[in-house]
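would you be able to build a 3D model of this:
(one chain, ligands or ions: 1)
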Amino acid sequence: MIDFEVMHRLQKTLYARKTAAPDSSYVAGLYAKGVDSICKKVAEEAAETIMAAKDGDRLHLVHEVTDLWFHSMVLLTQFDVGIDDVVAEFRRREGLSGIDEKKNRGDTK
Ligand SMILES: N=c1c2ncn([C@@H]3O[C@H](COP(=O)(O)OP(=O)(O)OP(=O)(O)O)[C@@H](O)[C@H]3O)c2ncn1[C@@H]1O[C@H](COP(=O)(O)O)[C@@H](O)[C@H]1O
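Sure, this is the predicted structure:
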């Protein structure tokens, strides 16, 4: 089960880092660098996740997916999107076949 409390605590910290001095922390520095730098980290962590999967090392995979989720949360917070919004989207899709869901997307993607 996902521990949503830890995710919400992290989200709260990320919001606080948006207005913190850039040199005060890793996340504050990332926000100061801007969206392109955050996106670059997400892309790097996605690539590292793929490499971990190819290694077949489960612990390595857990570490890289954690890095990917963490940087994805930094990106979501940049746009004031909460993890609850993502969970709500999972709920909306629950039980809907991937093929049917794609058909119903229309223009909204
Ligand atoms: N969960 C994390 C977390 N996961 C990964 N990272 C950092 O993400 C960075 C990028 O990881 P890489 O493997 O790419 O390391 P790197 O290549 O040396 O990084 P770059 O210098 O290239 O950016 C590393 O510095 C990791 O320490 C994290 N940094 C912070 N958190 C959480 O965010 C909170 C706030 O962090 P600070 O803003 O640093 O206080 C912390 O209390 C934690 O709860």
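
what is the rounded mean pLDDT of the strand or helix carrying residue 88?
Using DSSP states H and E, residue 88 sits in helix 83-93. Helix 83-93 shows a mean pLDDT of 94.

which residues touch that helix?
Residues outside helix 83-93 that contact it (C-beta atoms under 8 Å, 6 or more residues apart in numbering): 4, 7, 8, 11, 73, 76, 101. The way it works is simple: take the backbone N, C-alpha and C, and place the C-beta from them, glycine included.

now do the last one against residue 68, distance only.
Right, the one you point to is residue 101. Separation of residue 101 from residue 68 (C-beta to C-beta, to the nearest Å): 23 Å.

could you check how far residue 39 is from residue 72?
10 Å.

compare those two (neighbour count), which wins?
residue 72 (17 against 13; other C-beta atoms under 10 Å).

with adjacent residues omitted, what lies nearest to residue 27?
Nearest residue to residue 27, sequence neighbours excluded (C-beta to C-beta, 6 or more residues apart in numbering): residue 17, at 4.1 Å.

can you list the contacts of helix 83-93 in a markdown table and add neighbour count, pLDDT and secondary structure?
Putting the contacts of helix 83-93 into a markdown table (neighbours: other C-beta atoms under 10 Å; pLDDT from 0 to 100; DSSP: H, G, I helix; E, B strand; the rest coil) gives the following:
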| residue | neighbour count | pLDDT | secondary structure |
| --- | --- | --- | --- |
| 4 | 12 | 88 | helix |
| 7 | 18 | 95 | helix |
| 8 | 13 | 96 | helix |
| 11 | 18 | 98 | helix |
| 73 | 20 | 98 | helix |
| 76 | 17 | 98 | helix |
| 101 | 11 | 75 | helix |
